[in-house]
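Engineer: Let's see this in three dimensions:
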Amino acid sequence: MNATPDFVRDPRLMRGSNHNGMRQFNERIVLQAIRHHGAMAKADLARLTQLSTQTVSIIVDRLLGDELLLKQDRVRGKIGQPSVPLSLNPDGAFSLGLQVGRRSLEVLVSDFLGQPRHQLQFSYPYPDPDVVLPNIRQSLAQMQAAMGPHWGRLVGIGLTAPLSLHQWSDLLGGAAAAALQRWEHIDLLAEVKALTGLPVEFAKDTTAACMAEMLQGQGRQVENYLYVFVGTFIGGGLVLAGHIMAGSRGNAGAIGSMPIGLGEPGTRPPQLLQLASGWQLEQALEAAGCDPQLVHQDQIMDPAYAAITGPWLSQASRALAMTVTSAAALLDLDAVVIDGSLGRSLIDALLVATREQLQYYKPEGLKAPAVLPGQVGAHARALGGSLLPLHTQFFPVKDIFLKQDLA
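Structural biologist: Have a look, this model is predicted:
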């Protein structure tokens with residue numbers, strides 16, 4: 001694989017990522033204040049951040065020079081001099097999310113506001129490395145062409161994928177199993193780093209989706225929740241006190257591996273992913289002579305498919321209810337947020353069914369968490385990946401200074 005393709009980043013175009021220490025933190029605090037509260041004048045920034053007016057003025061001038069901020073029209077009619085509100089420049093920086101999934105490869109570019117700008121998606125029946133890796137290279141080249149001069153303001157790549165693509169290959173079987181096994185000997189992060197001079201960060205795919213929900217969904221109101229993402233396989237993430245809990249191995253919230261029930265003596269109980277994944281519904285559709293990709297379409301909830309979706313919803317919701325109860329007992333959660341790449345109407349039906357199944361668990365000693373719909377949707381993993389470099393380079397570092405919380 002060529003390690004120096006034509007879309008390697010020009011380091012002279014790097015913006016807003018070469019600051020250090022307190023200067024860096026104070027700049028991030030100013031950016032975060034505007035991100036949370038909207039456009040505001042220097043005086044308001046100084047009051048909110050508790051920084052001196054002179055410090056804020058220096059920081060603002062620097063951020064304007066880096067084109068990370070924009071001046072808005074002067075506001076007149078108040079006491080004193082007219083004020084000039086400052087806002088984030090959507091074109092100030094961009095970040096690319098690269099999501100390698102079990103059914104598709106998704107590439108998504110977010111602007112400085114965290115809003116998607118460009119998106120590509122490649123589908124495949126299973127993630128064969130000989131298919132996925134060339135598609136990654138092709139997608140990066142296509143994205144560079146689509147972004148034009150904005151490519152020079154790309155600050156990094158957030159790579160997301162299941163932690164162990166080679167595991168559970170027995171569920172897929174056949175040629176898929178052989179292809180998946182090859183991932184055990186492939187360093188995906190190294191492969192992507194070799195394609196571009198951009199910084200590359202990795203996160204488990206459902207952790208990345210959880211980050212997207214934390215920053216742009218239910219996480220803006222809820223501080224402690226279990227995040228559930230239902231795709232080809234089900235997985236999750238965990239947010240406590242407004243912080244994502246990644247775990248020492250990056251695998252916190254790995255609810256797909258949770259055992260459901262006790263099993264027969266001498267046997268292993270099934271895992272959640274064997275009972276509540278989109279994969280089981282795909283298999284049922286295929287066995288009935290239907291298109292398995294209906295799981296991603298709202299058409300799946302038509303009455304014609306009720307004989308297929310009904311048993312899956314019953315099984316999946318019962319398994320999820322046990323998972324939710326176990327997690328609430330261990331973590332004292334405020335909520336469980338359910339989202340996924342399946343059809344929105346199917347996810348909504350799963351959410352309702354899970355609430356119903358939770359009524360069969362004893363509430364003694366527990367505070368039952370609310371069961372809430374995710375607000376980001378099917379592209380949460382790629383969006384979360386694209387937010388990783390933005391968060392690393394421009395958001396205040398958590399747990400360092402007391403004045404960080406501006407919400």
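
Engineer: what pairs with the closest residue to Ile34 other than its chain neighbours across the strands?
Structural biologist: Spatial nearest neighbour of Ile34, chain neighbours left out: Leu88 (5.6 Å); criterion: CB to CB, 6 or more residues apart in numbering. Glycine gets a C-beta too; all of them are placed from N, C-alpha and C. Beta bridges link Leu88 to Leu69, judged by DSSP bridges.

Engineer: wouldn't Leu88 be in contact with His36 here?
Structural biologist: No. Counting by CB atoms under 8 Å, Leu88 sits too far from His36 to count as a contact (10.7 Å).

Engineer: quick one: which of these two has more around it?
Structural biologist: A side-by-side neighbour count of Leu88 and His36, using other CB atoms under 10 Å, places Leu88 first with 21 against 12.

Engineer: Tell me who's in contact with the more buried one.
Structural biologist: With contact taken as CB atoms under 8 Å, 6 or more residues apart in numbering, Leu88 is in contact with 31, 34-35, 68-70, 112-113.

Engineer: quick one: least confident of these?
Structural biologist: Across those, the smallest pLDDT goes to Arg35, namely 91.

Engineer: Now that residue: which helix or strand?
Structural biologist: Using DSSP states H and E, Arg35 sits within helix 21-37.

Engineer: Report all helices and strands that that helix contacts.
Structural biologist: With contacts taken as 3 or more CB pairs under 8 Å, 6 or more residues apart in numbering; DSSP states H and E, helix 21-37 sits against helix 42-49, helix 53-65, strand 86-88.

Engineer: Show me how far it is from its chain's centre.
Structural biologist: Centroid separation between helix 21-37 and its chain, computed with CA atoms, centre = their mean, to the nearest Å, is 22 Å.

Engineer: try stretch 35-45
Structural biologist: The answer for stretch 35-45 is 27 Å, by CA atoms, centre = their mean.

Engineer: buried residues in that stretch?
Structural biologist: Buried residues in stretch 35-45, counted by 16 or more other CB atoms under 10 Å: 35, 39-42, 44-45.

Engineer: before we move on, what about stretch 116-135?
Structural biologist: Neighbour-count burial for stretch 116-135 flags 117-120, 124, 126-129, 132-133, 135 (criterion: 16+ other CB under 10 Å).

Engineer: what packs against the host helix or strand of Phe122?
Structural biologist: When elements are assigned from DSSP H and E, Phe122 belongs to strand 116-123. Identification of packing neighbours for strand 116-123 by 3+ CB pairs under 8 Å, 6+ apart yields strand 104-110, helix 129-147, helix 380-394.

Engineer: Near Arg220, how many other residues are there?
Structural biologist: Arg220 has 14 neighbours, counted by other CB under 10 Å.

Engineer: Need the nearest residue in space to Leu313, chain neighbours excluded.
Structural biologist: Per CB to CB, 6+ apart, closest to Leu313 is Ala353, 5.0 Å.

Engineer: wait, doesn't the one you found sit right on Gln315?
Structural biologist: No. Under the criterion of CB under 8 Å, Ala353 makes no contact with Gln315, lying 9.9 Å away.

Engineer: Please tell me how far the strand holding Phe122 is from the chain's geometric centre.
Structural biologist: Its chain's C-alpha centre and that of strand 116-123 lie 15 Å apart, by CA atoms, centre = their mean.

Engineer: ok, now stretch 231-246?
Structural biologist: Centre-to-centre, stretch 231-246 and its host chain are 9 Å apart (CA atoms, centre = their mean).

Engineer: Which residues outside stretch 321-331 are in contact with it?
Structural biologist: Residues from elsewhere that reach stretch 321-331 (CB under 8 Å, 6+ apart): 224, 226, 228, 238, 240, 255, 258, 260-261, 272, 333, 336, 354, 357-358, 360-361, 365-369, 371.

Engineer: quick one, helices of the stretch 301-407 of the chain?
Structural biologist: Remark: helices assigned in the stretch 301-407 of the chain by DSSP state H, counting those that start in this stretch are 306-331, 344-358, 380-394.

Engineer: any idea how far the second one is from the chain center?
Structural biologist: When you say that, I think you mean helix 344-358. Taking CA atoms, centre = their mean, one finds helix 344-358 lying 21 Å from the centre of the chain it belongs to.

Engineer: Just the buried positions in it, please.
Structural biologist: 344, 346-347, 349-351, 353-355, 357-358.

Engineer: can you check the longest one too?
Structural biologist: Of the residues in helix 306-331, those buried under the neighbour-count criterion (16+ other CB under 10 Å) are 308-309, 312-313, 315-328.

Engineer: Which residues are in contact with the nearest residue to Asp44 once chain neighbours are set aside?
Structural biologist: With CB to CB, 6+ apart as the criterion, Asp44 has its nearest non-adjacent residue at 7.9 Å, and that residue is Ser83. By CB under 8 Å, 6+ apart, Ser83 lies in contact with 41-44, 74-75.

Engineer: so how far is stretch 260-271 off the chain centroid?
Structural biologist: 32 Å.

Engineer: Not counting its own residues, what contacts it?
Structural biologist: Against stretch 260-271 from outside (CB under 8 Å, 6+ apart): 256-259, 272, 275, 319, 322-323.

Engineer: Hmm, Pro311 is touching Ala284, no?
Structural biologist: Yes. Using CB under 8 Å, Pro311 makes contact with Ala284 at a distance of 7.5 Å.

Engineer: Quick one: mean pLDDT for the strand holding Phe122?
Structural biologist: For strand 116-123, mean pLDDT rounds to 95.

Engineer: That one pairs with which strands?
Structural biologist: By DSSP bridges, strand 116-123 pairs with strand 104-110 (antiparallel).

Engineer: what is the orientation angle of the partner strand with helix 129-147?
Structural biologist: For strand 104-110 against helix 129-147, the angle by axes from the mean of the first three to the mean of the last three CA atoms, to 10 degrees is 20 degrees.

Engineer: Identify the residues contacting strand 104-110?
Structural biologist: By CB under 8 Å, 6+ apart, the residues outside strand 104-110 that reach it are 94-99, 116-124, 132, 135-136, 139-140, 143, 147, 154, 379, 381-383, 385-387, 390.

Engineer: Just the element for Val239, please.
Structural biologist: Taking DSSP H and E as the criterion, the element that holds Val239 is strand 234-240.

Engineer: That strand packs against which elements?
Structural biologist: Packing partners of strand 234-240 (3+ CB pairs under 8 Å, 6+ apart): helix 205-216, strand 225-230.
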